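[1] what follows is a predicted structure for the sequence shown.
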Amino acid sequence: MASGFVGGLLVLVVVVVLTAQCNAASPTVHDAKAVTINLAPSNARDFKHFWKSCGWCPPEPHVDFDKFFLQEDMLQNHETIGSVPHGGIRYVRIHYLIDLVKNVAPAPSQNTSNITVFGSGFLAGKAVDWSALDKALDQVVNAGLKPGFEVMGNPGDSLFDDFGKHDQVMSWHDFIYTLVSRYVQRYGKSEVLAWRFESWNEPEGQCPKQLTVGIKCNMLAFLNYFDATISALRRIDDGMVFGGPASDGDHAMLFALIEHCKSGRNYVTGQAGCPRIDYLNAHLKGNSDTQAITDKELPIALKVQAMVKGTALEHSKWGNDEADPLVGWNRIEEWRADARYAAMVPKAILKHQVAFIQDNGIDYELLGNDNGFLPYGDNQDHLFSQRTLVARWDMNLTHTVEVVRKPVLNVMALLAKLGTRLYNVTGTDPVKTATVGVIATTLSASSSEPVNELAVLVYNSDDSSNANGTTNLTLNLVDVPSSLSDAAVAVFHLDNTHGSAYSAWQAMGRPTYPSAAQFATLRKAMEIPMALSVLKTLPAEPLHLEVALPGVALVHACAKTYPEPEAPTGVRLHRTPTKTPPEILVRWQEPPQRCVKTYVVQFMPQQDASPSRVNANDTIFTGFLHAMTADQAHAASNQPCYAVTTVDYFGRESKPSPSVCLQSGQ
């Protein structure tokens, strides 16, 4: 069995490329480290990707929620988030979705495709229009995301006013049953079973404010609401995923819910205890750092663990789906714009892996960031520096919008390359205090097949501090599986020089309204560069990396026996409002192969024309914005066609996907 890893050509490529690029900024080497990763099967544990979530909240007033949700800006935001490869972001948690359900008055005499008339209970004779919620969920689902459906909001703006009243609680149950049944019919049960339903966000703070939507609420009323909601979901299918209470403050509602499920009865069904609760969770954030998140959250999780031991809730998972490094999504913080924020994400993940899963046996459900917001449209300080995944420009003269990925969104793609078996690493400092962390994983096609991927992610993070420099890291791998003896090895780097549109925007003088050429430069800068080497044999030499502070590096090796790439499927086109030059957003579904060097987006001005590649820069994301040249736009006559191919680390290119042409009105 091989006892080492990559040397020779790969080391030469990585060191020469990175030194040349880093020396331009003359960084000071921060330190040097050598770590060892033993890839023996006995040194591995299962590794869940428990971080695939983002979220956002609509602005006030919620009566205009549909106008905000259904604008071009949010569509491009969701499409960009949904383009993270390998489902790197699965859920988008959205507050107040039920506020999109509109009241219809006077109520019609019967149901229509968009309107439901309630015939009994508290809502008897009242009607609601689902059109806005339909369109909103269509946008999320079409983007390849799953709704993190927070069951919160007041349909019709004011149909409910007190969860302490029996008739309203029972009608809430009926309303939720009607709502979820509608989307089972619209999308299919298998799709909705993949959604993640969650109870009302942060009830400790919301209940005293009538849930901010005019519904009276106290602890008992909240438990009534929870019972009604979970009963409605499980009435549709016992597999519906539901949990909560997304607790904050003193976490009184969290502890009350546990006691209710241990000794109370469901308000709607009268049955003792609660139906299965898939997860219990609370929201704890940092102080512009990562360690404070763990320090605040772990005592709560341990208390919950003790409370549910030996009860029906013992198998409920734990999570924190608003584990942001800092409260206040709209605060301007420069570290949110650059690689510091990106490097904090894997740092928080590894801290949770160690402190919660490995040290305390907590079954961790979801570590999420509430960072799916759209930045304010001032085109200046807010562009990159709020708690968002993208930068967004409002182009006032043309009434259009431009969206660009931030480094923090790029890091989600690197995390998605990690495998499902995690290995112990020696030579690093304790995770709680370390600046440099290593996540070493492998992946097999199935449990019975040999390892065909190795992914090692390294972060270099001093949280939000202004510290900078590099760490010279030596990776020593032992007991490398023989299946990886012939491999292609890719090395990705993400820092303030690589994969950062923010750095490019600064370098061009922070233009308020970038030109088409400047946007092309920004989109080139946002792609994550990769050094690639295909080695016939792997010599017993270590791999040397220079990892910027702040920064993230990923080593991804794929076995020579890896299957040839298949063509992408499901190519979709969207014409943005930009007219000069015309812009077409191209999206596709990735093939099952993960060792992707790039996708090649082919443009054809007409259906039978010869294709030409239009994405000059390699991309591992499943989306590309094609800003046409004047000649391309003229030749296309407003009906361009596109196809996409896959190129893997070995240079093998798939056949093109079936071509898709833009239709008039798209």
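    Sure thing, it's come through. Predicted, not measured: the structure shown is a model, and the values here were computed from it.

[2] longest helix in the chain, by residue count?
    Ranked by residue count, the top helix of the chain under DSSP state H comes out as helix 166-187.

[3] who are the packing partners of that one?
    helix 131-142, helix 189-193, helix 219-236 (3 or more Cβ pairs under 8 Å, 6 or more residues apart in numbering; DSSP states H and E). C-beta coordinates here come from the backbone N, C-alpha and C atoms, glycine included.

[4] flag every buried residue along that helix.
    168-177, 179-180, 182-184 (16 or more other Cβ atoms under 10 Å).

[5] do stretch 340-359 as well
    Neighbour-count burial for stretch 340-359, counted by 16+ other Cβ under 10 Å, picks out 340-357.

[6] and it, how far out from the chain middle?
    Chain-centre distance of stretch 340-359: 16 Å, with Cα atoms, centre = their mean, to the nearest Å.

[7] before we move on, back to that, now do the longest helix of the chain and helix 219-236, the angle between them.
    Put simply, helix 166-187 runs at 40 degrees to helix 219-236, going by axes from the mean of the first three to the mean of the last three Cα atoms, to 10 degrees.

[8] now helix 166-187: mean pLDDT?
    For helix 166-187, mean pLDDT is 98.

[9] got it, and stretch 256-268?
    96.

[10] picking that back up, what is the nearest of the buried residues of helix 166-187 to Gly125?
    Nearest to Gly125, judged by Cβ to Cβ, of the buried residues of helix 166-187 is Ser171 at 11.8 Å.

[11] nearest residue to the closest one other than its sequence neighbours?
    Phe122 (3.8 Å; Cβ to Cβ, 6 or more residues apart in numbering).

[12] point out where the stretch 251-400 of the chain drops to low pLDDT.
    Within the stretch 251-400 of the chain, the stretches with pLDDT under 70 are 396-399.

[13] repeat the analysis, applying 90 as the threshold.
    For the stretch 251-400 of the chain, the stretches flagged by pLDDT under 90 are 377-382, 394-400.

[14] wait, Arg331 sits on His382?
    No: counting by Cβ atoms under 8 Å, Arg331 stays clear of His382, with 10.0 Å between them.

[15] so which of those two has more stuff around it?
    The residue with more neighbours, out of Arg331 and His382, is His382; 17 against 12, by other Cβ atoms under 10 Å.

[16] and the spatially most central residue of the chain, what does it touch?
    By Cα atoms, centre = their mean, the chain has its centre lying nearest to Ile89, at 2.6 Å. With contact set as Cβ atoms under 8 Å, 6 or more residues apart in numbering, Ile89 has these partners: Lys52, Ser53, Cys54, Ile81, Gly82, Leu145, Met412.

[17] on that earlier part again, ok but the residue nearest to Ser171 is inside a helix, no?
    Yes: under DSSP: H, G, I helix; E, B strand; the rest coil, Phe122 sits within a helix.

[18] tell me who's in contact with it.
    Contacts for Phe122 were tallied using Cβ under 8 Å, 6+ apart; they are Phe160, Lys165, Asp167, Gln168, Met170, Ser171.

[19] confidence score at it?
    pLDDT, Phe122: 96.
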